[in-house]
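Colleague: Fold the following and give me the result.
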Amino acid sequence: MERITIVGTGAIGTSLGMALKKAKVGAELIGFDIQRGMAERAKKRGGLDVAANNLEKALEGAKLVVLATPVAAMRELLEFMGPVLADGAVVTDTGGTKAAVLEWAGKSLPPHVSFVGGDPLVATERSGPEGASMTIFQGALYPICPAKNAHQDATRTVFEMVEGVGAKPYFMSAPEHDTYAAAVEHLPMVLSVNLMASASNSPAWREMHKMASSPFRDASHLASGDPATNLGLMETNRENLVYWIDETIKRLYYTRTSLLEGDTKKLQELLAYAYDARARWIADVAPASEKKVDMPNAGQFMSQVFLGDMITKQVQGGLRKDPKDTDKDKSKDKRQKRV
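Modeller: Numbers count the residues shown, from 1 in each chain. The predicted structure follows:
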C-alpha cells in the first residue's frame, strides 16, 4: 500500500487527512507532529491511520509528503527530509507564502524528489486537531505552484490530491501568489493585529473594551491567529507586504486629511468607492474598467503540462491551418472523389 505522510497535524493537516480518507485514496496515512500527543489526537479525529513519533520513520517509503506546518518551520524540515526521501517522492505544503518555500526546497531536496507548492485558501475557527473538518476544502480555491524542476507526474499527483479533497486547483507562479496573498491574506492580518494593539494600549482600554462589540470583534479576529505562524508569513513575504502597507498608509492619510479639512465630498467618494468595490467582489463581478482575459482552466493547464501545447491545441479543436494547406486539402479531396 502506498504511503502519504502528513507533517504537522493541526487543524489543516488533520482536515486534509480526514478529507483524503473520505475520498478513499487507497493509501496509508501517516502523521507526525513535533508537539507531543498531537498526532495521536489527529488519529482519534479520523485524520490518520498511524501516528508516528519519529519523523524519519514517518517519511520512509512515502510517495507523497505534505508539510502542514507554519512556514517558519519548513526550511529546517526540508533540510532534514532531503537525505531521507525515496526516489520519486513528491513533497507539497500548505503554507501561505510560496517563493521562499520553493527556494528552500530547491536547495535542500535532491533531484529525485519533486516539490509542488500548495496553499489551500481555507480558514478554521479552532486550532489543533479538534478544529479539523473533512469538508473544509469543499469548493475552496487551492493555488498550486510547481517548482521549475518538478516532474510532470509530481504535479499530477498534487493536482489529483487537491481535486480529491473537493478543492479547486489553481495554477500560478510563486511570485504571483505571494504578491496577491500580501494584499488579501497577510495585510488584513497585519491591520487586525495593529488595531488590537492600538486600542488595547490605550489608558482607557479597561473601560473601553466593554463597548467593543461585533465590529471590533470581527475586525480584530485575525489577531487571534498563532503568532509564530503570522510571523513566518510576514518574514517570508516582506517586500510585498511592505508595499501594501505603504498603499494602506496612503489611504489612511488621505482619510485623515479629509477629516481634518472637513472635506465631506472626498469622504463620500471614498466610502462609495469602497462600498461598490466590495459589493462587486462579493457578487464576483469584475470592475467595469477591467478587461476580461481568457485564462486556461485547470484541465487545459494539465493538458499543457502533460501533453504539450501542440497536442493541447489538437484536443481543443485542431491546429490552425495555413489557408494554402486548406486549399491543398480541398483539391486532394476532389481528386479522390473523381477516382
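Colleague: and residue 116, backbone torsions?
Modeller: Dihedral angles of residue 116 (phi, psi; degrees, to the nearest 10) stand at phi -130, psi 110.
Colleague: ok, what's across the strand from it?
Modeller: Note on residue 116: beta-bridge partners residue 92, residue 146, judged by DSSP bridges.
Colleague: Show residues contacting stretch 145-165.
Modeller: 16, 19-20, 22-23, 25, 63-64, 88, 90, 92, 98, 102, 105-106, 111, 114-120, 137-138, 142, 144, 168-169, 171-174, 177, 298, 302, 305-306 (Cβ atoms under 8 Å, 6 or more residues apart in numbering). From N, CA and C alone the C-beta is placed, and that goes for glycine too.
Colleague: Show me which of the residues you listed are buried.
Modeller: 16, 19-20, 23, 25, 64, 90, 92, 98, 102, 105, 114-120, 137, 142, 144, 168-169, 171-172, 174, 177, 298, 302, 305 (16 or more other Cβ atoms under 10 Å).
Colleague: residues in contact with the nearest residue to residue 142 once chain neighbours are set aside?
Modeller: Once flanking residues are discounted, residue 142 sits nearest to residue 167: 3.9 Å by Cβ to Cβ, 6 or more residues apart in numbering. Residue 167 makes contacts with 120, 137-142, as judged by Cβ under 8 Å, 6+ apart.
Colleague: What is the nearest of these to residue 233?
Modeller: The shortest approach to residue 233 among those belongs to residue 120, at 14.5 Å (Cβ to Cβ).
Colleague: Mind checking which of the buried ones among the contacts of stretch 145-165 land in strands?
Modeller: When those are checked against strands (DSSP state E), the matches are 64, 90, 92, 114-118, 142, 144, 168-169, 171.
Colleague: what's the closest of the residues you listed to residue 232?
Modeller: residue 117 (14.6 Å).
Colleague: Residue 101 is in contact with the closest one, correct?
Modeller: Yes. Between residue 117 and residue 101 there is a contact under Cβ atoms under 8 Å: 5.9 Å.
Colleague: No further queries at this time; thank you.
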